[in-house]
Every structure is written in structure tokens, then in C-alpha cells.
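[1] here is a sequence with its predicted model. Questions after.
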Amino acid sequence: MIPISIEWLGVLGLALGYSAQPISQELYDHATLVTAAQALATEHPEQVELFSVARSRAGREVIGIRLSASREIPNGQPAILLVAGLDGPRAYTSSMAMSHAEAIAGGYGKDTAVTELLDSTTLYIVPRFDVDACEARFLTPLAEVQASGRGVDNDRDGLQGEDGPSDVNGDGLVSVMRQLDPTGEWIADPTDPRAMKRADPVKGERGRWKIYTEGLDSDGDELVAEDDELDAIANRNFPRNWTEHSAEAGRYPTDEPCSLGMVEFFLNHPDIALVITYGEEGNLVKKPSTQKDSGAPGGSVETGIYESDLALYEELGRRYALITSSKTEGTREQPGSLQGFAYHHRGLLSLDIDPWSVPLDAKAADEEGEQAGTEVSEAPDETEAAVESKPGDDAKRLTWLDQNTERPFIDWQAFDHPQLGSLEIGGFIPYTLVEPPPETLEELTRSHLEFLLTLGAYLPRLKLIEVEGVPLGGDLMEVSAVLENDALLPQQVHAAERSRKVRPARVTLQLPDGAKLLGGSTQTLVDNLPAAGGRREFRWLVGGVTEDTPLLIEVDTDNAGKISTIVEVR
């Protein structure tokens, strides 16, 4: 059973040129997501083909959707890969991805932008990568779950998974516990006592509260909710900067079936030219961290994109901001993530998007700027009261949530904990801080689809120009041509030059029987052509030909097009 359904009308009307029919968008549980994908393939058999990426540790299938003008696509046609549902708490991104697939499949032949995209570009969509962690969104008790892989004995007591987060007060939610303690590091925010913020000794703030994830000390080791049943996070299990001896990273790279399946998908699809991810990482809103270029091939264990690729990210970020108006920065590159693997190990430009976060710039509704809230069970101490009342981030989030949602917060309630004694349970309702409300999700889906539809035009598509043959007398002919890339993106980013995982373009002069190559190379590899007018000139001297001899120049690539041109004699 799916607990949440979001109805919205005409979501894609601004992005698509045709009149969108009213559609229903749901926060999909796994079964409904698979059903929706199957229905899409049935409705649009020519444009939609389903494939399987992997089967998760819990037995759920990670499905993929291939969208193209037809099932028969040219070799070398560039492809875009969109992966959503990378992180368990962001299950809503799967709804965005499915809506993209539905709009593009339904818009082919009706909308210019959609038709141009699919006529020139293959689109792979994996609507939910971490199918097990995302499924927690639809279970009771409701808890935000990141880990879905193997568990370990976190507290080293000889037992495993006996002491994870739990709903100790029986309200159907796994939230937060706070307890007054002079050694605590937290204080109640003076501007809104519901919110907690870490005490800053530099400002004279003295901690008064300890905070715990809601749970028990089932094994009597004086630690609460410290040993969850599962620890490994699928999006920390990729080879890039994999963290050894970290429970969340898994036993070894690609130990998690979802991660292994995605790695194999990359290896089997060299047509991928660009990757887009919907998860917690972001590199389009805020300037991404960088590292210095290196001319030597091979990998790097440093975090950040290469400096020579920064201008591309900044330009794409500018275009992303113009379309989406997003201010959500997301996190930096995380160790063992798909995003880092795609860029550093596969040499692909990876546009990482955290679609939404609670705005921090909302103004209080009343004129005096007072914020509604409940009283803490203990009055703030003198040190806390003396601090200038500048709201912390959680207090700012509550201001926006109070104005835009019905129930964002569980008021702190006294509870007699079996091991810890008297404390309070409350805090933000799970998923409130990472999942947009329905009306916001509508606009997010529309604007991100609009951005997606622009990306096909940015991909490098090599072309031959100025192709000609000049007779030199007798049976000699000089053949010349120019290979050009006039796209926004280069043939290869610097990460591709380092990883050497993107095959160079191969330029071949096809000679008929009897012809001889007297100068130049029959085949030439072109590692890279810069963006916006990058050129490479070719010249050949051919003997044993006449003006009527057919000569053919071919350019073969995995993800920047495959072209051939007959040499015209001048």
C-alpha cells in the first residue's frame, strides 16, 4: 500500500510544446514503480525499452528505461544516463525521473524539444538506484534509512544488528531523543525552542542537552541505537575513493549488488556521454571543489574535479540556475559514490543535482518576527539567554516549514526511557527536511525536465567539413578534410584523458582496390577535440586513382557520432 499520492495538473506544460493532460504523480513504492515502468513500455513500445541493472540484496530489481526514437539506433549515437533514487531519504527523486520518462515518451513526435532530443540522443533512466533504502519511505515505523547492505558488529560486543534505531514511544516514527545533561553539546535555539543547535563556546554558549537517535540500549553497553541491522550504503560502495574498514562502504568495492550492476552497466554502454544524478551530492549550484590537472594518465585519490573541467561545470551550472532557480547546493563528492566513479573512473561529465532543500531565507509571518513554538521543559540558562537571538539553521527551516507544510515537527514530549530515564522525544518528522511538499515537487519536476531537454544539444557530435579531392596530374590526388566539434562540450573532459576509458575517435580513409596511400595514415586516432570549434585537419596523398574513383572518409566513435563522407573532386 502506498501512503502518499500527489495529484497535480499540467506539470510539464511550460517545458513541453504540446498541451499536457492532467496526470497523477505518486511517491512510488517499489512495486508501483515497476508497474509504472511496465505500463510505459506497453504504451510506447517503439520509444521505450526496459532493462534490468541488478537485483538488490533484498531481492528487488533495479530497473532501467531506455528512451530513443526507435529501438534501432545508430552505432555511436551519444547517450545520457540519468540516475535517481541514489540515496534512501530521497525516494521522491524517483517520481521526478518517472515523470521525465513519461513526458518524453509521450511527447515524441508531438513536441519539438523532445523529438529533437530522441532523434539524436539515447536516454537511459534508472529511476531508483538504491531500491532497498528507498523502500523505507513506505514502511512503518517511518524512518530515514541510508544503509541497505550488509551489517557489521558496530559496538564489537559479539552481536550484530541488535541495537538499531527504533520507535520506543510507539508513535509510528523514529525521531530524536534529547536529555538534559551538563556534559551535553546542544542548546535549544533561543529564537524557536523547538529547534536544537550545537552550543558554541566561543560565543559563551554552554551545552545543556544530549541528543540521541530514537532507540534503546538493548545490549546494556550504555550506547543507544548504535548497532543497526544494516550498515553498508550502496552509494558508498563504488571503487572511486572507496573507504576501507568503513562499515558504510561495504566489505569491498561493488560488494553491494546495486553498485556492481551499475558498474557493469557503465562498462557495457560506452555510448554514455553525460551522466545526471539526483541525490545528495551537488556540483552545479555551488562551485565544486577542484584539484590540479595532471598530464600523466591514471586515477587520482584526491577529491574534486580537475581544474580544466571547472569552466564547463560553471557554465552548465549557470544554465541550470536560469532554468530551475535552484539554490540547493548538495554535498561535496562523497567517498565511494557513483558520481565520483562516473567522473574519475569512467571519464564522464557528471552533473550532480540535489533537487531540493528547505529554504533558509523565509521571513516570520508576524510583524514582530516572533516564531511559533513550544516551550522547552527547562528554561534556558543565563548564558543561553544572553546570546544574541540569531536563529540557527533548524530554526530557519521551521519558519519556512510552518508556512508551507501542515505538520513538520513533533513537539517534544516527556518520556521515561527504560535505560536512560527521563528525557523527551520529538523533532522533525522523518523526510521533512529532504522531501519537498507536493506543490514544490510539481515545479521541481517541470523545471528539471526542461533542463534535461536542453542537454542533448550540448553533447559533442563530430562532423567532417571541407572535404575535397584535388587532382595533381596522372593518377595522383590530394585528399583533405577537417574534423570539427562545435558543441558546448569537448570530445573528452580532462577526467577522460586521465582515465583513458573513453575511446578516441577513429578517422579512416577507405581506399578502393588499386589505390595506394602515398602520404598520410589510413587510420588516425583523435583523442580530443576542444569545445566550440575544435578542429583537426587531415591530408592524404593517394595514387592509382582518377577523378571518378570513389573515396570514403569515415569517423567512428562510441559516444560522439559515427559519420561517413564521400570525397568530392574539385
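    Sure, I can see it.
[2] going forward, measure contacts and count neighbours with C-alpha atoms only.
    Noted.
[3] doesn't residue 472 fall inside a helix?
    No - counting by DSSP: H, G, I helix; E, B strand; the rest coil, residue 472 is not found in a helix; it is strand.
[4] now do it, the pLDDT please.
    At residue 472, the model reports a pLDDT of 93.
[5] that one - nearest residue in space that isn't next to it in sequence?
    Using CA to CA, 6 or more residues apart in numbering and skipping residues adjacent in sequence, the residue nearest residue 472 is residue 478, 6.9 Å away.
[6] number of nearby residues for that neighbour?
    Using other CA atoms under 10 Å, residue 478 has 17 neighbouring residues.
[7] again with residue 404
    By the criterion of other CA under 10 Å, residue 404 has 14 neighbours.
[8] shift numbering so it begins at 619
    Fine by me, first position is 619 from now on; the one you just mentioned is residue 1022.
[9] look up phi and psi at it.
    Phi and psi for residue 1022, reported as degrees, to the nearest 10, are phi -130, psi 0.
[10] sorry, back to before: quick check: bridge partners of the residue nearest to residue 1090?
    Beta-bridge pairing of residue 1096 under DSSP bridges involves residue 1088, residue 1159.
[11] let me know whether it touches residue 1089 as I believe.
    Yes - at 6.4 Å, residue 1096 counts as touching residue 1089 under the criterion of CA atoms under 8 Å.
[12] quickly note the distance from the residue nearest to residue 1090 to residue 1159.
    According to CA to CA, to the nearest Å, residue 1096 stands 5 Å off from residue 1159.
[13] quick check: closest non-adjacent residue to residue 766.
    Nearest residue to residue 766, sequence neighbours excluded (CA to CA, 6+ apart): residue 751, at 5.2 Å.
[14] are we agreed that residue 1062 is in a helix?
    Yes - using three-state DSSP, the secondary structure at residue 1062 is a helix.
[15] that one against residue 972, yeah?
    No - look at residue 1062 against residue 972 with CA under 8 Å: they stay out of range, at 10.9 Å.
[16] between those two, which contacts overlap?
    With contacts defined as CA atoms under 8 Å, 6 or more residues apart in numbering, no residue is shared by residue 1062 and residue 972.
[17] can you name the residues that contact the residue nearest to residue 766?
    For residue 751, the contact set (CA under 8 Å, 6+ apart) comprises 705-707, 763-766.
[18] low-confidence regions, the stretch 1069-1188 of the chain specifically.
    Counting by pLDDT under 70, the stretch 1069-1188 of the chain has no low-confidence residues at all.
[19] can you show me the strands along it?
    Along the stretch 1069-1188 of the chain, counting by DSSP state E, counting those that start in this stretch, strands occupy 1081-1091, 1094-1103, 1123-1128, 1134-1137, 1141-1144, 1152-1161, 1170-1174, 1180-1184.
[20] and these as TSV, adding distance to residue 814?
    What follows is the strands of the stretch 1069-1188 of the chain, written out as TSV (distance: least, CA to CA, whole Å):
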stretch	distance to residue 814
strand 1081-1091	59
strand 1094-1103	54
strand 1123-1128	56
strand 1134-1137	75
strand 1141-1144	57
strand 1152-1161	54
strand 1170-1174	59
strand 1180-1184	58
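[21] of the ones you listed, which is nearest residue 668?
    Ranking those by proximity to residue 668 (CA to CA) places strand 1180-1184 first, at 25.1 Å.
[22] centre of the chain to that closest one, how far?
    35 Å (CA atoms, centre = their mean, to the nearest Å).
[23] so the chain: which segments form each domain?
    The chain breaks down into these domains under automatic domain parsing: 623-755+849-972+1053-1076, 794-831+984-1046, 1081-1184.
[24] out of those, which one sits most buried?
    Comparing the domains of the chain by mean neighbour count (mean count of other CA atoms under 10 Å), domain 623-755+849-972+1053-1076 ranks first with a mean of 20.
[25] gap between the spatially most distant residue from the centre of the chain and residue 711?
    Relative to the centre of the chain, and counting by CA atoms, centre = their mean, the farthest-placed residue is residue 1092 at 60.3 Å. Separation of residue 1092 from residue 711 (CA to CA): 67 Å.
[26] also residue 867?
    From residue 867 to residue 711 the distance is 23 Å (CA to CA).
[27] wait, residue 695 touches residue 741, no?
    No - look at residue 695 against residue 741 with CA under 8 Å: they stay out of range, at 10.5 Å.
[28] hmm, back to that, mind putting the contacts of residue 751 in a markdown table, secondary structure, pLDDT and distance to residue 1184 included?
    A markdown table is the format used below for these (DSSP: H, G, I helix; E, B strand; the rest coil; pLDDT from 0 to 100; distance: CA to CA, whole Å):
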| residue | secondary structure | pLDDT | distance to residue 1184 |
| --- | --- | --- | --- |
| 705 | coil | 95 | 50 |
| 706 | helix | 94 | 53 |
| 707 | helix | 95 | 55 |
| 763 | coil | 91 | 58 |
| 764 | coil | 89 | 56 |
| 765 | coil | 86 | 56 |
| 766 | coil | 85 | 55 |
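[29] which one among those gets closest to residue 966?
    Nearest to residue 966 among the contacts of residue 751, counting by CA to CA, is residue 705 at 20.8 Å.
[30] nearest residue to that closest one other than its sequence neighbours?
    Spatially, and ignoring its direct neighbours in sequence, residue 705 is nearest to residue 897 (5.8 Å; CA to CA, 6+ apart).
[31] what's downstream of whichever strand or helix holds residue 937, the next helix or strand?
    Residue 937 is part of helix 928-942, with elements assigned from DSSP states H and E. Counting by DSSP H and E, the element after helix 928-942 in chain order, helix or strand, is helix 956-958.
[32] select, out of the strands of the stretch 1069-1188 of the chain, the one closest to residue 1047.
    With CA to CA as the measure, strand 1094-1103 is the member of those nearest residue 1047 (50.6 Å).
[33] mind giving me the packing neighbours of the closest one?
    strand 1081-1091, strand 1152-1161 (3 or more CA pairs under 8 Å, 6 or more residues apart in numbering; DSSP states H and E).
[34] could you give the angle of the shortest one to strand 1123-1128?
    Comparing the axes of strand 1152-1161 and strand 1123-1128 via axes from the mean of the first three to the mean of the last three CA atoms, to 10 degrees yields an angle of 20 degrees.
[35] and the contacts of strand 1152-1161?
    Applying CA under 8 Å, 6+ apart, the contact partners of strand 1152-1161 are 1093-1104, 1108, 1133-1139, 1147.
[36] alpha carbons of that strand, in PDB - could you do that?
    Listed next in PDB are the C-alpha coordinates belonging to strand 1152-1161 (Å, rounded to 0.1, in the frame of the first residue of the first chain):
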ATOM      1  CA  GLY A1152      37.800  22.400 -32.000                       C
ATOM      2  CA  ARG A1153      39.400  21.300 -35.300                       C
ATOM      3  CA  ARG A1154      41.800  18.700 -36.700                       C
ATOM      4  CA  GLU A1155      43.000  18.900 -40.300                       C
ATOM      5  CA  PHE A1156      43.800  15.800 -42.400                       C
ATOM      6  CA  ARG A1157      45.700  15.400 -45.600                       C
ATOM      7  CA  TRP A1158      46.400  12.300 -47.700                       C
ATOM      8  CA  LEU A1159      48.300  11.700 -50.900                       C
ATOM      9  CA  VAL A1160      46.700   8.900 -52.900                       C
ATOM     10  CA  GLY A1161      48.000   7.200 -56.000                       C
END
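[37] end-to-end on stretch 695-710?
    Stretch 695-710: ends 31 Å apart by CA to CA.
[38] quick check: residue 691 vs residue 823, distance?
    Per CA to CA, residue 691 is found 64 Å from residue 823.
[39] can you list the weak-confidence ranges in the stretch 919-1068 of the chain?
    Along the stretch 919-1068 of the chain, segments meeting pLDDT under 70 span 983-1006.
[40] all helices of it, in order?
    Counting by DSSP state H, counting those that start in this stretch, one finds helices in the stretch 919-1068 of the chain at the ranges 928-942, 956-958, 1000-1004, 1011-1022, 1056-1073.
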